[in-house]
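*Asks:* Got a predicted structure here, sequence first:
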Amino acid sequence: MISKEAVKRGYNRGNYTVGAPSQPGWAANAGEISGDSFFGTEAVAVPQAVLDLLAAAADSVTTDAAAVREGTRDWWAASMIAETSGRPVAPESVIVSVSSTEQVQAVMRISDAHNIPVTVSAGRSNVTGAALPLAGGIVLDICGMDKFLGFDEQSQIIEVEAGVFGDIFEEKIQAEYGMTLGHWPSSYAISTVGGWVACRGAGQLSTRYGKIEDMVFGMDVVLANGDLVTLGNSSRAAVGPDLLQMFIGSEGTLGVVTTIRLQLHRLPDHGRAIAYGFETFADGLEACRQIMQQGATPAALRLYDNLESGVQFNLPDTNVLLVADEGAKESVEAGLEISERVCAETGIKLDDEAIFERWLDTRYLTGKSAEGFKSSPGLVADTLEMVGRWKDLPAIYDEVVAAVNAIPGTLAGSAHQSHAYVDGACLYFSIRGDIAVEERATWYRSAWDAANEVIIRHGATLSHHHGVGLLRAPYMEESLGGGFQVLRAVKTALDPKNLLNPGKLGL
Ligand SMILES: Cc1cc2nc3c(=O)[nH]c(=O)nc-3n(C[C@H](O)[C@H](O)[C@H](O)COP(=O)(O)OP(=O)(O)OC[C@H]3O[C@@H](n4cnc5c(N)ncnc54)[C@H](O)[C@@H]3O)c2cc1C
């Protein structure tokens with residue numbers, strides 16, 4: 001069955017060498033990478049009197065600089081560039097650990113009263129700098145909020161606290177209730193339910209189960225002033241705009257998500273996959289479009305360009321399409337029949353079992369690796385996932401790869417199509433460079449500038465599931481156009497002192 005293996009949580013976050021503690025220059029360094037004017041401002045120190053209040057309100061307060069740096073590290077490539085250059089990526093802060101909603105409310109009230117910024121921190125698996133405490137202040141560690149609060153069996157809705165890690169979550173709901181959420185990000189064992197919601201994430205089987213925003217039934221959120229609000233809690237609604245969705249993807253800038261209610265699915269009793277090779281990536285994209293528009297919704301519909309087909313499946317002369325599904329046998333077989341018919345029109349049949357097995361073996365390992373490239377101190381590897389319409393995707397693929405490859409120092413740009421819809425799909429680009437160590441930040445920003453120029457020019461969307469953080473902050477205004485002033489107004493209304501995760505989402 002596709003969704004039953006587990007990987008173990010807890011492998012090293014950021015297995016890179018750390019620079020000397022408390023070196024000056026975090027602001028210049030982060031600004032150089034993100035291009036955001038926020039970094040010119042002073043970091044906020046937490047006075048001793050406030051530390052005392054926090055210690056009384058929370059489970060623990062960590063002030064030791066080395067422990068704080070260790071406890072705020074994330075998976076953003078630019079953080080790694082900064083730290084391996086010997087510069088801390090964020091200013092000094094303190095970590096406040098909590099294990100209940102009441103504690104979150106108390107911390108927010110203290111922060112509000114004393115104007116201390118609060119950056120929520122969970123699995124720290126984000127790849128955008130989203131959880132870095134740019135303004136110093138408080139890092140609010142919510143990993144202690146890990147309780148299962150209840151299961152409504154008839155409605156198939158589970159209620160959990162936001163800090164539950166993905167592997168623990170799935171193990172429990174599978175073993176105790178025979179259920180799955182169907183949300184399988186590659187990082188599921190190092191990320192939390194709240195982090196999924198905060199970043200608007202996607203799992204590998206999203207074509208059948210949806211993205212996280214399709215799975216949330218309701219949630220409780222603590223606002224900047226410490227108030228607790230309950231959002232959603234209905235299958236669909238017509239009571240004004242969808243306030244629940246406004247908080248999904250807000251990356252800790254609008255509130256702290258404390259409790260989440262999620263819709264579950266019964267465990268699948270059947271699973272099967274087919275695989276085809278296509279002469280061009282565009283031919284493969286066309287097959288994906290036909291599959292989706294003819295009504296099939298396979299759990300995974302993944303098309304790899306020939307570079308990635310070579311690395312992943314040792315098939316460098318083709319563009320591999322894997323169609324895998326799980327669920328009730330009748331629906332799985334019906335969808336695969338549509339997919340097989342579409343693929344056979346222009347594709348070449350591959351060894352289904354071998355491709356599927358290889359994908360199952362490697363699907364939690366890809367993304368941040370630079371497999372196939374020699375190790376080098378100047379190696380930079382990152383991933384860029386965007387979403388666009390079918391009509392634009394072949395050109396976007398060609399132009400992004402060409403734009404990244406044109407930057408001196410680039411080793412390769414490649415992509416796979418990872419999540420598909422009736423109207424479009426997500427292309428997941430891998431970009432790798434090998435440059436002089438001191439040129440890494442410049443190369444990195446040039447690569448992102450070049451790729452995002454193509455995406456914005458085609459009217460496509462910058463991110464499908466990794467989110468914004470610091471990485472995409474410089475492009476937000478141009479990308480959202482008039483919508484950006486709405487986002488700004490919402491932020492100002494909910495967090496007038498700009499205390500919640502300041503500097504993120506381009507705000
Ligand atoms: C190897 C690797 C593979 C990955 N694969 C995927 C993938 O397949 N799909 C995918 O979607 N993502 C993927 N990611 C990205 C990452 O795992 C997700 O963004 C994840 O949702 C982050 O969750 P987290 O618990 O680690 O949150 P963190 O990194 O701790 O926080 C991320 C952001 O959310 C905010 N936040 C966290 N919890 C809360 C809360 N309770 N309330 C308010 N704000 C909060 C933080 O302030 C921060 O802004 C991958 C990352 C890695 C390193």
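*Replies:* Good, I have the coordinates.

*Asks:* Check the burial of whatever residue of the chain ends up closest to the ligand by counting its neighbours.
*Replies:* Nearest to the ligand in the chain, going by CB to the nearest ligand atom, is residue 195, at a distance of 2.1 Å. Glycine gets a C-beta too; all of them are placed from N, C-alpha and C. Look at residue 195: counted by other CB atoms under 10 Å, it has 32 neighbours.

*Asks:* List the contacts of the helix or strand it falls within.
*Replies:* Under DSSP states H and E, the secondary-structure element containing residue 195 is helix 193-199. Helix 193-199 is touched from outside by 120, 122-123, 125-126, 130, 142, 145, 160-164, 166, 169, 183, 185, 201, 212, 216, 219, 247-252, 257-258, 260, 262, 465-467, with contacts defined as CB atoms under 8 Å, 6 or more residues apart in numbering.

*Asks:* how about the helices of the stretch 201-350 of the chain, start to end?
*Replies:* Along the stretch 201-350 of the chain, the stretches classed as helices by DSSP state H, counting those that start in this stretch are 206-209, 212-215, 243-247, 281-293, 306-313, 329-346.

*Asks:* of the ones you listed, which approaches residue 53 most closely?
*Replies:* The stretch from the helices of the stretch 201-350 of the chain with the least distance to residue 53 (CB to CB) is helix 243-247; that distance is 26.8 Å.

*Asks:* Show me what counts as buried in the closest one.
*Replies:* Buried residues in helix 243-247, defined by neighbour count with 16 or more other CB atoms under 10 Å: 244, 246, 247.

*Asks:* could you list every residue that touches residue 490?
*Replies:* Shown here is residue 490, whose contacts under the criterion CB under 8 Å, 6+ apart are 246, 254.

*Asks:* Give me the pLDDT for it.
*Replies:* The confidence metric pLDDT takes the value 98 at residue 490.

*Asks:* residue boundaries of the strands in the stretch 151-300 of the chain?
*Replies:* With DSSP state E, counting those that start in this stretch as the criterion, the stretch 151-300 of the chain has strands at 157-161, 179-180, 216-222, 228-232, 256-263, 265-266, 270-278, 300-304.

*Asks:* Just say which of those is most tucked in.
*Replies:* Mean neighbour count, computed with mean count of other CB atoms under 10 Å, is highest for strand 300-304 among the strands of the stretch 151-300 of the chain, reaching a mean of 27.

*Asks:* what's next to that one, contact-wise?
*Replies:* Residues external to strand 300-304 that are found in contact with it (CB under 8 Å, 6+ apart): 2, 204-205, 207, 273, 278, 281, 284-285, 287-288, 291-292, 312-313, 319-325, 339, 359, 416-418, 420.

*Asks:* How about stretch 349-363?
*Replies:* The set of residues external to stretch 349-363 that reach it, using CB under 8 Å, 6+ apart, is 2, 5, 186, 204, 273-277, 300, 302, 312-313, 315, 318, 320, 322, 324, 343.

*Asks:* So for residue 369, what's the pLDDT?
*Replies:* Listed pLDDT for residue 369 reads 47.

*Asks:* I figured residue 487 hits residue 480, correct?
*Replies:* Yes: in this structure, residue 487 is within contact of residue 480 by CB atoms under 8 Å, at 6.7 Å.

*Asks:* For residue 116, find the nearest of the strands of the stretch 151-300 of the chain.
*Replies:* strand 256-263 (14.1 Å).

*Asks:* ok, that closest one: who's next to it in the sheet?
*Replies:* Taking DSSP bridges as the criterion, strand 256-263 sits next to strand 157-161 (antiparallel), strand 216-222 (antiparallel) in its sheet.

*Asks:* Turn those into TSV, including mean pLDDT and distance to residue 84.
*Replies:* Formatted as TSV, the entries for the strands paired with strand 256-263 read as follows, by pLDDT from 0 to 100; distance: least, CB to CB, whole Å:
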stretch	mean pLDDT	distance to residue 84
strand 157-161	98	35
strand 216-222	98	36
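
*Asks:* Turn those into a markdown table, columns for distance to residue 497.
*Replies:* Below are the strands paired with strand 256-263 laid out as a markdown table (distance: least, CB to CB, whole Å):
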| stretch | distance to residue 497 |
| --- | --- |
| strand 157-161 | 26 |
| strand 216-222 | 15 |
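
*Asks:* Looking at these, which is nearest to residue 73?
*Replies:* Distances from residue 73 to each of the strands paired with strand 256-263 were compared using CB to CB; the shortest belongs to strand 157-161, at 23.2 Å.

*Asks:* Can you check the pLDDT for the closest residue to residue 47 other than its chain neighbours?
*Replies:* Nearest non-adjacent residue to residue 47, counting by CB to CB, 6 or more residues apart in numbering: residue 114, 7.5 Å away. The score at residue 114 is 98. That number is its pLDDT.

*Asks:* give me phi/psi at residue 114?
*Replies:* The main-chain torsion angles of residue 114 are listed as degrees, to the nearest 10 and equal phi -120, psi 10.

*Asks:* what residues go with each domain of the protein?
*Replies:* With domains defined by automatic domain parsing, the chain comprises 26-142, 148-266, 270-362, 379-471.

*Asks:* Enumerate every residue touching residue 166.
*Replies:* Residue 166 makes contact with 9, 183, 185, 187, 188, 189, 190, 191, 192, 193, 196, according to CB under 8 Å, 6+ apart.

*Asks:* Okay, helices next: where are they in the stretch 1-150 of the chain?
*Replies:* Per DSSP H, counting those that start in this stretch, the stretch 1-150 of the chain carries helices over the ranges 26-34, 48-57, 65-70, 77-84, 101-114.

*Asks:* is it possible to export these to CSV including distance to the ligand and mean neighbour count?
*Replies:* Below are those laid out as CSV (distance: least, CB to the nearest ligand atom, whole Å; neighbours: other CB atoms under 10 Å):
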stretch, distance to the ligand, mean neighbour count
helix 26-34, 14, 21
helix 48-57, 18, 15
helix 65-70, 14, 15
helix 77-84, 10, 23
helix 101-114, 9, 20
